[in-house]
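Engineer: Quick one, fold the following:
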Amino acid sequence: MLKPKNMIMENEKTWKQFKGKETPSSVEINELFFNNIPKGSEILDFGCAWGRIAFHLQKRGYNVTGFDLNQNAVETALKEAEKTNKKNIFQVQFHTANAMELPYPDKSFDACILQAFLTTIIKPEHRTLILKEANRVLKDEGIIYLADFGQNWENPYYSQRYERDFVKTGEMGTFIVTKKGKPQGKELFKAHHYTKEELMVLFEQVKKFKVEIVHETVFTTFQGNQTKGYIIIAKKI
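Structural biologist: A predicted model of the protein is given here:
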């Protein structure tokens, strides 16, 4: 099994508390993915957890490599992969790895999928490193599909949290996710909701992507809340 290196993500310890299929995973893949990425492509799934997205892509005709920091979730995915790989032409594999130091060679994948992954990355400098790593492992003209939560200032449930937790997080839009969503509940992890401008600036900072599609939509969080979301499809240049 591939092992992560030395860079530490701030949410790493809290993310590892989830066991197996407890790991939050609620956002569905938009048809934009399938319209822009040919079947048979080699896909890298960032923060794969127990493999929900990877197994769906396998059924739809893609070879998928998934990685996550949560070894327990990865082990759950590996057990399921033993079954699905016997039934499918297209294959999945899973590793324990760090998105800032990917253990894959340059130009290994046709596409990278970051499905509600950057929301868990609460240090801005880490976000840039992750997109640079995605660019490195993509083949020439490879595609990055990024889907993530947008800021919801019109929704008091979120706007109050952004303002309240800013004192602790130091970044507007970063807030503390608590058990059952209660203000005084146990802290589960920190999350960041993005403005469209934030996401566009992030791609501009990396410089090696050409953004081709920006789509505004609605996602459901793992606690069942409806929230604004953005899908960005960009090509490596």
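
Engineer: can you tell me how far the residue nearest to Ser41 when sequence neighbours are not counted sits from Asn88?
Structural biologist: In this structure, Ser41 finds its nearest non-sequential neighbour in Asp110, 3.8 Å apart by Cβ to Cβ, 6 or more residues apart in numbering. For the C-beta atoms, the positions are set from N, CA and C on the backbone; glycine is no exception. Going from Asp110 to Asn88 by Cβ to Cβ, to the nearest Å gives 18 Å.

Engineer: which one of those two has more residues nearby?
Structural biologist: Asp110 (19 against 15; other Cβ atoms under 10 Å).

Engineer: Counting neighbours, which bits of the strand or helix carrying Leu146 end up buried?
Structural biologist: For Leu146, the host element (DSSP states H and E) is strand 138-149. Residues of strand 138-149 classed as buried: Leu138, Gly142, Ile143, Ile144, Tyr145, Leu146, Ala147, Asp148, Phe149 (neighbour count, 16 or more other Cβ atoms under 10 Å).

Engineer: same for the longest helix along the chain, what does it pack against?
Structural biologist: Longest helix in the chain by number of residues, with DSSP state H as the criterion: helix 71-87. Counting by 3 or more Cβ pairs under 8 Å, 6 or more residues apart in numbering; DSSP states H and E, the packing neighbours recorded for helix 71-87 are helix 52-59, strand 63-68, strand 92-96.

Engineer: now do 7 Å
Structural biologist: Packing contacts for helix 71-87, counted by 3 or more Cβ pairs under 7 Å, 6 or more residues apart in numbering; DSSP states H and E, involve helix 52-59, strand 92-96.

Engineer: how many neighbours does Asp106 have?
Structural biologist: By other Cβ under 10 Å, neighbour count at Asp106 equals 9.

Engineer: Quick check: it touching Leu138?
Structural biologist: No: Asp106 lies out of contact with Leu138 (Cβ atoms under 7 Å); the separation is 8.9 Å.

Engineer: what about the residue lying closest to Thr169 once chain neighbours are set aside, neighbour count?
Structural biologist: Among residues not flanking Thr169 along the chain, Lys190 sits closest, at 6.2 Å (Cβ to Cβ, 6+ apart). Using other Cβ under 10 Å, Lys190 is surrounded by 20 other residues.

Engineer: Kindly report the same for Lys19.
Structural biologist: Neighbourhood size, Lys19 [other Cβ under 10 Å]: 13.

Engineer: repeat for Phe222
Structural biologist: The local packing of Phe222 (other Cβ under 10 Å) involves 14 other residues.

Engineer: So it, which state does it fall into?
Structural biologist: Following DSSP: H, G, I helix; E, B strand; the rest coil, Phe222 is assigned to coil.
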